[in-house]
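# Dropping the sequence and predicted coords here.
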Amino acid sequence: MPKIELDIAKLENAASKMRSIAHPMRIAIIEMLSETPKMSVTEIYEKLKIEQAAASHHLNILKSKGILASKRDGKKIFYMLRNKALSQILDCLNRCGEE
């Protein structure tokens, strides 16, 4: 049987990212951004029907873990997914729950 080499740093990074998305609001944000590739903070908190401060908190966590990117355009900040594979992972998790 071949020996499997584990990269502990990569595993820790992946686990950290998974922990950061393990919240219903953050999953909702990721799903919205997979459907609408670029959204402002205002669009996000209005669509989720939450306070602006709560939306900013969740967005900052996702951005700090490298899940989201942001771009300022005048006074607005727009957020987008850094990698579309994340929405595919969430899709897979949703399908797993259906079995």
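Cool, got the structure.
# And for stretch 66-76, what's in contact with it?
Where contact means Cβ atoms under 8 Å, 6 or more residues apart in numbering, the residues beyond stretch 66-76 that reach it are 17, 20-21, 29-30, 33, 38, 40-42, 59, 62-63, 77-83, 86. For the C-beta atoms, the positions are set from N, CA and C on the backbone; glycine is no exception.
# for the protein, which spans come out with low pLDDT?
1, 97-99 (pLDDT under 70).
# mind running it again at 90?
Applying pLDDT under 90 to the chain flags residues 1-7, 10, 13-14, 17-18, 21-22, 83-99.
# Okay, helices next: where are they in it?
8-21, 24-35, 41-48, 52-64, 85-96 (DSSP state H).
# Next, the contact list for A28, please.
Going by Cβ under 8 Å, 6+ apart, A28 touches L48.
# Tell me which residues touch the spatially closest residue to H23 that is not a sequence neighbour, please.
In space, and not counting its chain neighbours, H23 is closest to H58: 7.0 Å by Cβ to Cβ, 6 or more residues apart in numbering. Counting by Cβ under 8 Å, 6+ apart, H58 makes contact with 23, 25-26, 29.
# Would you mind listing which of the residues you listed are buried?
Among the contacts of H58, those buried by neighbour count (16 or more other Cβ atoms under 10 Å) are 25-26, 29.
# closest to K10 among the residues you listed?
Proximity of the buried ones among the contacts of H58 to K10 (Cβ to Cβ) peaks at R26, which lies at 21.7 Å.
# was I right about that closest one contacting L62?
Yes - contact criterion Cβ atoms under 8 Å: R26 and L62 qualify, at 5.9 Å.
# Report the set of residues contacting both of these two.
Residues touching both R26 and L62 by Cβ under 8 Å, 6+ apart: S20.
# hmm, back to that, in a markdown table, list the buried ones among the contacts of H58 along with distance to L90.
Shown next, in a markdown table, are those (distance: Cβ to Cβ, whole Å):
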| residue | distance to L90 |
| --- | --- |
| M25 | 13 |
| R26 | 10 |
| I29 | 11 |
